[in-house]
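Asks: What shape does this take:
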Amino acid sequence: MSKTRIAFIGAGNMATSLIGGLLAKGLDAAQIRASDPGAETRAKVAAEHGIELFADNAQAIQGADVIVIAVKPQAMKAVCQALRPHLLPHQLLVSIAAGITCASLLNWLGSQPLVRCMPNTPALLGKGVSGLYATADVSTEQRQLAEQLLSAVGIVVWVETEAQIDAVTAVSGSGPAYFFLLIEAMTDAGVKLGLPREVAKQLAEQTALGAAHMAVSSDVDAAELRRRVTSPAGTTEAAIKSFQADGFATMVEKALSAAAHRSAEMAEQLGQ
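Replies: Prediction:
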């Protein structure tokens, strides 16, 4: 990406995390531009990252090889339709808006190489994971550019069908909140068992962090890791059996199905 020029439409948290990640990877600030309607946001991002900011989206995309559309789903239609007359055929578009299909985007933008992306909030710390889907017009080189772009804030996985983006949304896009909920519940349970809240909070948070590191670095899957720390007739087995008796796996499956359904529902409500 040493010569790639990138424009961001919208300079919110996800866009600025990507900008920061790209700069940390060695891109020159002169290669990156962004636009945002807020004067305060423009001033803040320019000061923090040293890139050029614009109020006008059309100005920001001039000369760009990659255009990242990072606005709220509700604003996508108006933003894309306004951009359409200013786009060049070779420009790769990357959408990070939840629930907006490629069909809707191309209906608003016209025929363009397009990658639809579902990142998650740990990207703000460089620890994200993003699911990517490319339309048929995206070249091999452009797929590599999209992958390098999102790799600046975490790991990247490609999916073969666009419908799988709804599953990505359910598993990882919304996923951080599930772990926050578990940490919250474990903290509350620790308090009820007699621990000071701050102690219970530290125990729950660090345990979640340590378990995640073990899962990522291990050469076996999570099920095997769980078996290895579950001694017969021990304390862990007692807790696991309680989870299973209450239908933990079914509850998780039902929750993720609800998230995936909502993603598809949003596509209908906000799309063409």
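Asks: what comes into contact with the helix or strand encompassing A185?
Replies: Using DSSP states H and E, A185 falls within helix 175-192. For helix 175-192, the external contacting residues (C-beta atoms under 8 Å, 6 or more residues apart in numbering) are 120-122, 197, 199-201, 203-205, 207-208, 252, 255. Any C-beta I mention is one placed from the backbone N, CA and C, and that applies to glycine too.
Asks: center of this structure - which residue?
Replies: P119 (1.3 Å; C-alpha atoms, centre = their mean).
Asks: Next, find the distance separating that residue from A97.
Replies: Between P119 and A97 the computed distance is 11 Å (C-beta to C-beta, to the nearest Å).
Asks: thinking again about what came up before, narrow the contacts of helix 175-192 to those that are buried.
Replies: Among these, those classed as buried by neighbour count (16 or more other C-beta atoms under 10 Å) are N120, T121, P122, A200, K201, A204.
Asks: helix, strand or coil for the fifth one?
Replies: Going back to what we said before, that points to K201. helix (DSSP: H, G, I helix; E, B strand; the rest coil).
Asks: Contact partners for it?
Replies: I183, T187, G190.
Asks: Out of these, grab the one that's most surrounded.
Replies: T187 (20 neighbours; other C-beta atoms under 10 Å).
Asks: separation between that one and M214?
Replies: 21 Å.
Asks: same thing with K77?
Replies: Taken as C-beta to C-beta, the span from K77 to M214 is 44 Å.
Asks: quick one: the helices in the stretch 101-250 of the chain?
Replies: For the stretch 101-250 of the chain, the helices defined by DSSP state H, counting those that start in this stretch occupy 102-109, 140-151, 164-168, 175-192, 197-217, 222-228, 235-245, 248-270.
Asks: Make JSON lines out of those helices and add distance to L92 and mean pLDDT.
Replies: Listed next are the helices of the stretch 101-250 of the chain as JSON lines, based on distance: least, C-beta to C-beta, whole Å; pLDDT from 0 to 100:
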{"stretch": "helix 102-109", "distance to L92": "12", "mean pLDDT": "93"}
{"stretch": "helix 140-151", "distance to L92": "5", "mean pLDDT": "94"}
{"stretch": "helix 164-168", "distance to L92": "17", "mean pLDDT": "94"}
{"stretch": "helix 175-192", "distance to L92": "27", "mean pLDDT": "97"}
{"stretch": "helix 197-217", "distance to L92": "30", "mean pLDDT": "97"}
{"stretch": "helix 222-228", "distance to L92": "35", "mean pLDDT": "95"}
{"stretch": "helix 235-245", "distance to L92": "45", "mean pLDDT": "96"}
{"stretch": "helix 248-270", "distance to L92": "22", "mean pLDDT": "92"}
